[in-house]
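*Asks:* show me the folded form of this:
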Amino acid sequence: MNRISYSALFGLVAAASVRAAETAAVAAPSNAVEAPTGRAGAQEVTDLLERFVNWLHDFFPGVDEALFHWLACGILFFAAILLRHIITNIIFHYLKKMAAKTETTLDDKLFPALEGPTATLVMVLGIFSAVTVLKLSPQVDRWVSAGAKISALTVVLWAMIRAGGAILDHLEEIAHEKHMTVATFMPLIKKTLFVFAVIFGVLVIAQSQGLPVQSFLAGLGIGGLAFALAAQDTIANLFGSLVVVMDQPFKVGDIVKIGSNEGKVEDIGLRSTKIRTGARTLIVIPNKSVAGEAITNFTRMPQRRVDQTLGLTYDTTPEQLESVLEDIRTVLRDDPGVHKDLIVVNFAAYGASSLDIQLVWFATDPDWGKHMAVRERINLKIMRAVAARGLSFAFPTQTVIFDGPVAKQMAARKA
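*Replies:* This is a model prediction of the structure:
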């Protein structure tokens, strides 16, 4: 059933596209720049419409021919409205009901996306066909022909963009369900493809109007150097965005440090990457800088490292120091927020005013808030363990010793 619905849709779009191409060549007397095949196609469509008007006129022989062309114009316009109603309220309604019964959600997005462009294309073809049968002046016919080409191609381009957007939305949904990294970059991919589709559509429309598109593209080779020099920053940013998409060092929502800037990634665009700092300020970094800087991704840490130095007073005995070291090791081993693969607690050095104990451990959750909660809990437990042993933490102190004749005289005077 799914294949039948897709076949029906694609057949409808293909038929509309062919009809748009034929109508785009209608009505106007051919000028010198049109190809023979274009003149033949225009003549065929014109003859077809003329035969339709003559066939319709046979039913109303008493009506003046000029007046009947206006009547035929109204009939064609009404037929376009009726066909548009059939397409939107019957055909697409039936297709969407069939799509709701299928397992995939692609058709649920694709049919609504194509409904508007298909209905619009029918109206465009109907309006220009209705105007064509009026047999207006050659100048007006040329305007009608140009308008038909531009309108039909614009609607087809719109349909392609809508269909492509529906497909990309479906792929993004699948990527999110499977937790694929590319899901983060789907907005950037959609923006890029949209820009290329618009550029392609503009070139096709320009070509349909007889503009020298090939000469323009060939001229880009000559002016490419000047353009590259003038837009080198923009081009560098575009290449930087491609590097970010391909290498995927971070995604939207990650906490990163890019150069000296640290914050949460809010958006990855074609030109720049936006990060929100801890102070809630927004930093916009050009993608060429992102590609050239060292990137630290804190979100992808499996655990968060804690490195501390504790100092006990010098009146601590070796036995007391050994006991408090074992107490601290027990605190770290028993806490569920501490990763058990690496716990280091050692008497590290004789400090200037303390006996230094070095602690190295990892919080199981890299989230900053949860890591700080675990760190606070551990510090409080260590304080209680040190107090239970009757020990105290050291703080910087200095002892000044006076010696020599002057110091002795001062001591004698004080005595």
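*Asks:* which stretches in the stretch 201-350 of the chain count as helices?
*Replies:* Ranges of helices within the stretch 201-350 of the chain are 213-230, 232-247, 287-292, 318-334, based on DSSP state H, counting those that start in this stretch.
*Asks:* show residues contacting the second one.
*Replies:* Read that as helix 232-247. Identification of contacts with helix 232-247 by CB atoms under 8 Å, 6 or more residues apart in numbering yields 185, 188-189, 192, 228, 250, 268-273, 286-292. Placement of C-beta: from N, CA and C, glycine included.
*Asks:* give me the buried subset of those residues.
*Replies:* 185, 188, 192, 250, 268, 272-273, 286-291 (16 or more other CB atoms under 10 Å).
*Asks:* between the residues you listed, which is nearest Val140?
*Replies:* Closest to Val140 out of the buried ones among the contacts of helix 232-247 is Thr192 (40.9 Å), distances taken as CB to CB.
*Asks:* confidence score at that closest one?
*Replies:* At Thr192, the predicted lDDT confidence score is 77.
*Asks:* so how far is the helix or strand it falls within off the chain centroid?
*Replies:* In this assignment (DSSP states H and E), Thr192 forms part of helix 186-208. How far helix 186-208 lies from its chain's middle: 16 Å, per CA atoms, centre = their mean, to the nearest Å.
*Asks:* between helix 232-247 and that helix, find me the angle.
*Replies:* Per axes from the mean of the first three to the mean of the last three CA atoms, to 10 degrees, the angle that helix 186-208 makes with helix 232-247 is 130 degrees.
*Asks:* separation between Val122 and Ser151?
*Replies:* Distance, Val122 to Ser151, by CB to CB, to the nearest Å: 12 Å.
*Asks:* my bad, should have said Asp327
*Replies:* From Asp327 across to Ser151, the span is 82 Å (CB to CB).
*Asks:* give the helix, strand or coil label for Trp361.
*Replies:* What DSSP: H, G, I helix; E, B strand; the rest coil gives for Trp361 is strand.
*Asks:* okay, domains of this protein per the record?
*Replies:* In terms of domains, the chain is parsed into 2-179, 230-297, 304-388 (source: automatic domain parsing).
*Asks:* least reliable of those domains by average pLDDT, please.
*Replies:* Out of the domains of the chain, domain 2-179 stands lowest, with a mean of 70 (criterion: mean pLDDT).
*Asks:* which residue comes closest to the residue most central in space within the chain once chain neighbours are left out?
*Replies:* For the chain, Pro187 is the residue whose C-alpha lies nearest the centre (CA atoms, centre = their mean; 1.6 Å). Excluding its sequence neighbours, the residue lying closest to Pro187 (CB to CB, 6 or more residues apart in numbering) is Ile268, at 7.5 Å.
*Asks:* the one you found pairs with what?
*Replies:* Thr273 (DSSP bridges).
*Asks:* ok, back up a step: Asp327 and Ser151: who's more crowded?
*Replies:* Neighbours per residue (other CB atoms under 10 Å) separate Asp327 from Ser151, with Ser151 holding more: 21 against 17.
*Asks:* list the contacts of the more buried one.
*Replies:* The contact partners of Ser151, taken as CB under 8 Å, 6+ apart, are Val124, Phe128.
*Asks:* so which bits of the helix or strand harbouring it are buried?
*Replies:* Using DSSP H and E, Ser151 falls within helix 138-177. By 16+ other CB under 10 Å, the buried positions in helix 138-177 come out as 141, 144-145, 148-163, 165-166, 168-172, 175.
*Asks:* kindly report the same for stretch 321-330.
*Replies:* In stretch 321-330, counting by 16+ other CB under 10 Å, buried: Leu321, Ser323, Val324, Leu325, Asp327, Ile328, Arg329.
*Asks:* contacting residues around that stretch?
*Replies:* For stretch 321-330, contacts defined as CB under 8 Å, 6+ apart pick out 312, 316, 343, 345-347, 355, 357, 359, 382, 385-386, 388-389, 391.
*Asks:* likewise stretch 250-268?
*Replies:* The contact list for stretch 250-268, computed with CB under 8 Å, 6+ apart, reads 181, 183-185, 187-188, 241, 244, 249, 273-278, 282-283, 285, 289-290, 293-300, 368.
*Asks:* what about that stretch, start to end distance?
*Replies:* Chord length of stretch 250-268, first to last residue, is 10 Å (CA to CA, to the nearest Å).
*Asks:* so how far is that stretch from its chain's centroid?
*Replies:* Centroid separation between stretch 250-268 and its chain, computed with CA atoms, centre = their mean, is 15 Å.
*Asks:* again with stretch 204-218
*Replies:* Centroid separation for stretch 204-218 versus its chain: 31 Å, with CA atoms, centre = their mean.
*Asks:* now stretch 78-98
*Replies:* Worked out by CA atoms, centre = their mean, stretch 78-98 lies 33 Å from the chain centre.
*Asks:* now that stretch: buried residues?
*Replies:* Within stretch 78-98, the residues scored as buried using 16+ other CB under 10 Å are Ala80, Leu83, Arg84, Ile87, Ile91, Phe92, Leu95, Lys96, Met98.
*Asks:* return the closest of those with respect to Lys109.
*Replies:* Comparing the buried residues of stretch 78-98 against Lys109 with CB to CB picks out Lys96 as the nearest, at 10.5 Å.
*Asks:* helix or strand: which one has the closest one?
*Replies:* Using DSSP H and E, Lys96 falls within helix 92-100.
*Asks:* list the helices and strands that helix packs on?
*Replies:* For helix 92-100, the contact count by 3 or more CB pairs under 8 Å, 6 or more residues apart in numbering; DSSP states H and E identifies helix 2-24, helix 106-132 as packing neighbours.
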